[in-house]
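Visitor: after the sequence you'll find the predicted model.
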Amino acid sequence: MSEDLKKYFTTGEFAKLCNIKKQTLFHYDEIGLFSPEIKKDNGYRYYSYHQFELFQVINLFKEVGVPLKEIKSLIKGKTPGRIVPLLKEKTVEIEDKINKLKHLQKIIQTKVALAEQALKTDFSSVSFQFLNEEKYLISRYTLDLPERKYIAAISELIHYVESRKLDEGYPVGGIFAREQILKKDFYNYSHFYIKVKEGIDTVNHHVRPKGLYAVGYQKGEEVEDAYSRMIQFIEKNGMQIGEYAYEEFMLDEVMVDGFENQITKILIQVKEM
């Protein structure tokens, strides 16, 4: 190898530097996107360290979803006046992608936390727990609504949360008024809700009061058994049902197969006799 060529990278060396396969460099050369600075008659190819920066820009465009054909057009006849605005535009796109990934990460972390909590829980237990105030985004009033309007109310709530990027991975929950529990009307929520930490407005929200709650669990469709067990526990301890009860999935179809294996957490507000 001549002294001049010692200053260049071979195809294998440059591929290793860029953390890619040699075949990628061959392909880029074939389509006229990125070629070695030197091609010898014997077929050997050599890349300059100056080309590393250009390759990084090509890789950047590829990572944000720009097709190779379009990248080729973008870098042909490069000038600062063309490239700088383009890089600024891609910076905005990358920031948006990072925010979306952070949002997805938050959703996944919430679901993992709920599942880990479920793994430590005795689902046959009923206990009293003092809970702090929480605010929920809620649907419109759904008690005794016809089926299609009932479904529409759920859809509206989910769309509201999704469109404002408020979803943090918490499942849709349901709110019962005291009268529904006493009538054993366990399939007729007054509102649906979703727990979020931000974006609560004064119109679409409900405050779960701070105070004492009976906490129990329902597996699958065993709703009447779950409420009967909890009401007996409440009365046995000299308490009575408060104004509201709340239901939310702990293990939903993301974590388990079949509705019969899903676990619902039930929170019944209680007060003294």
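Guide: Happy to help now that I have it.

Visitor: which segments of this protein make up each domain?
Guide: Under the assignment the TED database, the domains of the chain span 3-78, 106-272.

Visitor: between these, which one is nearest to T91?
Guide: The closest of those to T91 is domain 3-78. By CB to CB, the value is 9.7 Å. (Glycine included, C-beta is placed from N, CA and C.)

Visitor: follow-up on the earlier one: to V92, which of the domains of the chain lies closest?
Guide: Here domain 3-78 is closest among the domains of the chain (CB to CB), at 10.1 Å.

Visitor: any idea of the mean pLDDT in that closest one?
Guide: Here domain 3-78 scores 87 as its mean pLDDT.

Visitor: deepest of the domains of the chain, which one?
Guide: domain 106-272 (a mean of 15; mean count of other CB atoms under 10 Å).

Visitor: return the distance of it from the chain's centre.
Guide: Between the centre of domain 106-272 and the centre of its chain there are 20 Å (CA atoms, centre = their mean, to the nearest Å).

Visitor: and the next element down the chain from the longest helix along the chain?
Guide: Taking DSSP state H as the assignment, the helix of the chain that covers the most residues is helix 80-119. Following helix 80-119 in sequence order, the next helix or strand is strand 127-131 (DSSP states H and E).

Visitor: helices or strands next to that following strand in the packing?
Guide: Under the contact definition 3 or more CB pairs under 8 Å, 6 or more residues apart in numbering; DSSP states H and E, strand 127-131 sits against strand 211-219.

Visitor: ok, 10 Å please
Guide: strand 211-219, helix 223-236, strand 263-272 (3 or more CB pairs under 10 Å, 6 or more residues apart in numbering; DSSP states H and E).

Visitor: show me the contacts for the residue nearest to F52 when sequence neighbours are not counted.
Guide: In this structure, F52 finds its nearest non-sequential neighbour in L17, 6.5 Å apart by CB to CB, 6 or more residues apart in numbering. Residues near L17 by CB atoms under 10 Å, 6 or more residues apart in numbering: 9, 47, 49, 52, 55.

Visitor: and the fourth one, what element?
Guide: Counting by DSSP H and E, the secondary-structure element that holds F52 is helix 51-63.
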